[in-house]
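Engineer: quick one: sequence and predicted model below, then my questions.
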There are 2 protein chains.
Amino acid sequence: MRLFVGAGLLAAAWMGPVMADPLPSWQGESKEKIISFVEAVSEVGGADYVTPADRVAVFDNDGTLWAEQPVYFQLIFAVDQVAKLAAQDPSILTSDALKAAAAGDYEALAATGKEGLLEVLAASHTEVSLYQFQQDVAAWLEEARHPKTGLRYDEMTYQPMVELLRYLRDEGFQTYIVSGGGIQFMRVFAEDAYGIPPQQVIGSSITSSYEMIDGVPVIMKGAELFFNDDKAGKPVGIMHHIGKQPILAGGNSDGDFEMLEFTTTGEGARLGVYVHHTDAEREWAYDREGHIGVLNRGLDEADARGWVLIDMKEDWSRIFTGEGAE
Amino acid sequence: MRLFVGAGLLAAAWMGPVMADPLPSWQGESKEKIISFVEAVSEVGGADYVTPADRVAVFDNDGTLWAEQPVYFQLIFAVDQVAKLAAQDPSILTSDALKAAAAGDYEALAATGKEGLLEVLAASHTEVSLYQFQQDVAAWLEEARHPKTGLRYDEMTYQPMVELLRYLRDEGFQTYIVSGGGIQFMRVFAEDAYGIPPQQVIGSSITSSYEMIDGVPVIMKGAELFFNDDKAGKPVGIMHHIGKQPILAGGNSDGDFEMLEFTTTGEGARLGVYVHHTDAEREWAYDREGHIGVLNRGLDEADARGWVLIDMKEDWSRIFTGEGAE
């Protein structure tokens, strides 16, 4: 009898973590749909079982795993970096766009158009060693604070999505980022923020080269676009880096449409997930209009395609990891 | 007492596989150097300990993991594929190079120069869906046999290197291919042949695109070079796909020099390994001269850089996986 009591206790201790709610910051139907999909593909012998090697899940970053307002955080890094470089050497401010960036004047910068934006990105992202660039990003993350929340940018990751990533890995999934953001920019924080190691980060990139500088091998970032990991580029990036069709994709804008379409086409259980920004109070509310994260086709077709539309306001009890439990 | 006997048996059973020779097809000094490196970086608390996440090992493919004579096997696929396509539609044979390929006449093909070679590669590798291309490669691997050995090409992998890859993974390493060969070509056999999954295969590639064909999403291979994963391109490819400097690199030619140089520069224990083709009888003997796998700088500098030079004839008791134990 004593033996059975012991075994029972052991079983309870063993099953405890398994029985715990894997998505504590989630509620409602989208939570149920996600859990039921994950359970279906990981149930050995079940009709929808997928072998762990094929449990590939891909997620957009900006607006899906962390916030993207008032502008992409990587652009804020670029602007801050121009200001930092100009403080050391004001002679780099050779254009209105660079001057606007150094002054932190986003309106004046926007007025310089796409060309001005590219100048600011070039000044902060190109012709620098990869090592130095990533040191710059790390230093910026330490210092910079978001104008609305006062949080570090890497604390403006979405707690529910961090829970989802962890839950998926606990259930044998490989989790990838597939973002229009810079591949080497995201790698600076993706492992700490999301538990996603560098080799599972896919993004846009510029060319780079291998050079010997003072007898030491250095990877230098060049100045030409190498790959644009957005829209139809996302499935291309996936097949280039992973070489395998995912079974779960998450995004928040029409820039993710092709990734969700590619992921959810074909045999077997598949899931597309859209984060819908509906919470003007705790985050931002936007979809069909704006300069960022526009979601039109996705909103129109999500239902017919069986994609889960996450209502941030209703489905998430907590938003940012940096705000602590509410 | 009985308890201790039981524990002893358990320990013996447990340690059995660990104590077994991890590299049974190896002998001599290069075997000792490799094992001592692997033990040093995986000994918890040791001076050279490296955390598993940083135990990244990269290997060239042609001439390092499988043979590359009389010509790269991927070129043989290209030639055979042109013959196969021409049998269905002879009108594709619009040049001397394509006619030579369809006739399996490598001498005549070589006479058409680099331009002719590119025509053959284009006819067999471009403007085809990625799915169809990989089906073609798989079908070719089933049918084709090497002219000298009569083996399947994916049986001309080196048994000692397959053992090394497995040993490294058993010791917590991530094993990658970093090859000048085609990334999508190698993915067809890398998992079965080497235990290396698609996402850990890095290679050269041509552009590709995402297209909807009859309502189905398809990745189409284009016709332009996207990335040349050779020489100084190898460290670039590594930092693009893995985002982390490896601690072990293996190659066989000067095309791998920069990869070994990059891998073995910096702090901590690092190992470079060159496979030296010295066995004219069981394999091929070549180094400083030839049209393939030329090894000059590597031979000159290996000693001074502390790189292991594997003497195939002396250090390997067995060559091809497909030949069975000798």
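Structural biologist: Yep, it's here.
Engineer: quick one: secondary structure of residue A:223?
Structural biologist: strand (DSSP: H, G, I helix; E, B strand; the rest coil).
Engineer: pull the contacting residues for the nearest residue to it once chain neighbours are set aside.
Structural biologist: Spatial nearest neighbour of residue A:223, excluding adjacent residues (Cβ to Cβ, 6 or more residues apart in numbering or on different chains): residue A:126 at 4.3 Å. Where C-beta positions appear, they are placed from N, C-alpha and C, glycine not excepted. Each residue near residue A:126 by Cβ atoms under 8 Å, 6 or more residues apart in numbering or on different chains is listed here: A:206, A:221, A:222, A:223.
Engineer: go again with 10 Å.
Structural biologist: Shown in contact with residue A:126 (Cβ atoms under 10 Å, 6 or more residues apart in numbering or on different chains): A:133, A:206, A:207, A:208, A:220, A:221, A:222, A:223, A:224.
Engineer: neighbour-wise, give me the winner out of these.
Structural biologist: Greatest neighbour count in the contacts of residue A:126, by other Cβ atoms under 10 Å in any protein chain shown, goes to residue A:133: 23 neighbours.
Engineer: summarise which helices and strands the helix or strand containing it is packed against.
Structural biologist: Secondary structure from DSSP states H and E places residue A:133 in helix A:130-143. Contact partners of helix A:130-143 among helices and strands, from 3 or more Cβ pairs under 10 Å, 6 or more residues apart in numbering or on different chains; DSSP states H and E: helix A:73-88, helix A:113-125, strand A:128-129, helix A:183-186, strand A:216-227, helix B:233-241.
Engineer: contacts for that helix, please.
Structural biologist: A:73-74, A:76-78, A:80-81, A:84-85, A:124-129, A:152-155, A:182, A:184-189, A:192-193, A:208, A:218-221, B:236, B:239-240, B:243, B:245.
Engineer: report the buried members of those residues.
Structural biologist: In the contacts of helix A:130-143, burial by neighbour count holds for A:73-74, A:76-78, A:80-81, A:85, A:124-126, A:128, A:152-155, A:182, A:184-189, A:193, A:208, A:218-221, B:236, B:239-240, B:243, B:245, counting by 16 or more other Cβ atoms under 10 Å in any protein chain shown.
Engineer: quick one, phi/psi of residue A:286?
Structural biologist: When read as degrees, to the nearest 10, the backbone of residue A:286 gives phi -160, psi 150.
Engineer: beta partners of it?
Structural biologist: For residue A:286, the beta-bridge partners under DSSP bridges are residue A:277.
Engineer: tally of neighbours for it?
Structural biologist: Using other Cβ under 10 Å: residue A:286 sits among 21 other residues.
Engineer: what about the helices in chain A?
Structural biologist: With helices called from DSSP state H, chain A shows them at A:2-19, A:29-42, A:73-88, A:96-102, A:106-111, A:113-125, A:130-143, A:159-170, A:183-186, A:190-194, A:233-241, A:257-263, A:297-305, A:312-315.
Engineer: between the contacts of residue A:126, which is nearest chain B?
Structural biologist: residue A:208 (5.5 Å; Cβ to the nearest Cβ).
Engineer: residues contacting that closest one?
Structural biologist: Residues near residue A:208 by Cβ under 10 Å, 6+ apart: A:126, A:129-130, A:133, A:184, A:219-222, A:224, A:226, B:235-236, B:239-240.
Engineer: pLDDT weak spots in chain A?
Structural biologist: Scanning chain A for pLDDT under 70 picks out A:1-19, A:324-326.
Engineer: can you pull up the most central residue in it?
Structural biologist: residue A:61 (1.7 Å; Cα atoms, centre = their mean).
Engineer: correct me, but that one touches residue A:175?
Structural biologist: No - with contacts counted by Cβ atoms under 10 Å, residue A:61 stays clear of residue A:175, the gap being 11.9 Å.
Engineer: hey, what's in contact with both of the two?
Structural biologist: A:194, A:196.
Engineer: please name the nearest non-neighbouring residue to residue A:151.
Structural biologist: residue A:322 (4.2 Å).
Engineer: any idea how far the one you found lies from chain B?
Structural biologist: 25 Å (Cβ to the nearest Cβ, to the nearest Å).
Engineer: who touches that residue in this structure?
Structural biologist: A:146, A:149, A:150, A:151, A:152, A:153, A:154, A:155, A:156, A:157, A:159 are the contacts of residue A:322 under Cβ under 10 Å, 6+ apart.
Engineer: what's the burial count for residue A:227?
Structural biologist: Using other Cβ under 10 Å, residue A:227 is surrounded by 21 other residues.
Engineer: just grab the bridge partners of it for me.
Structural biologist: residue A:205.
Engineer: touching, it and residue A:240? I think so.
Structural biologist: Yes - at 8.0 Å, residue A:227 counts as touching residue A:240 under the criterion of Cβ under 10 Å.
Engineer: hey, what's in contact with both of the two?
Structural biologist: In contact with both residue A:227 and residue A:240: A:202, A:233, B:207, B:226, B:227, B:240, using Cβ under 10 Å, 6+ apart.
Engineer: ok, for the last one, nearest residue in space, not its chain neighbours?
Structural biologist: Spelled out, that is residue B:240. residue A:205 (6.7 Å).
Engineer: I figured the one you found hits residue A:179, correct?
Structural biologist: No - under the criterion of Cβ under 10 Å, residue A:205 is not in contact with residue A:179, lying 11.1 Å apart.
Engineer: higher neighbour count, the two?
Structural biologist: Per other Cβ under 10 Å, whichever of residue A:205 and residue A:179 has more neighbours is residue A:179, with 31 against 20.
Engineer: so what's the more buried one up against?
Structural biologist: Residues counted as contacts of residue A:179 (Cβ under 10 Å, 6+ apart) are A:58-65, A:74, A:185-186, A:190, A:201-204, A:229-230, A:234, A:237, A:251, A:255-256, A:259.
Engineer: same question for residue A:59.
Structural biologist: So residue A:59 contacts A:65, A:161, A:164-165, A:168, A:175-179, A:194, A:196, A:246, A:248-252, A:256, A:259, A:273, A:275 (Cβ under 10 Å, 6+ apart).
Engineer: quick check: closest non-adjacent residue to it.
Structural biologist: Residue A:59 sits nearest to residue A:250 (Cβ to Cβ, 6+ apart), 4.4 Å away.
Engineer: quick one, what contacts the one you found?
Structural biologist: Neighbours of residue A:250 in contact, by Cβ under 10 Å, 6+ apart: A:34, A:57-60, A:64-65, A:161, A:164-165, A:168, A:175, A:178, A:256, A:259-260, A:263, A:271-275, A:307-308, A:310.
Engineer: kindly report the same for residue A:272.
Structural biologist: Contact analysis of residue A:272 by Cβ under 10 Å, 6+ apart lists A:248-251, A:256-257, A:259-265, A:298, A:301-302, A:305-309.
Engineer: name only those of the residues you listed that count as buried.
Structural biologist: The neighbour count (16+ other Cβ under 10 Å) marks A:248-251, A:256-257, A:259-265, A:298, A:302, A:307-309 as buried among the contacts of residue A:272.
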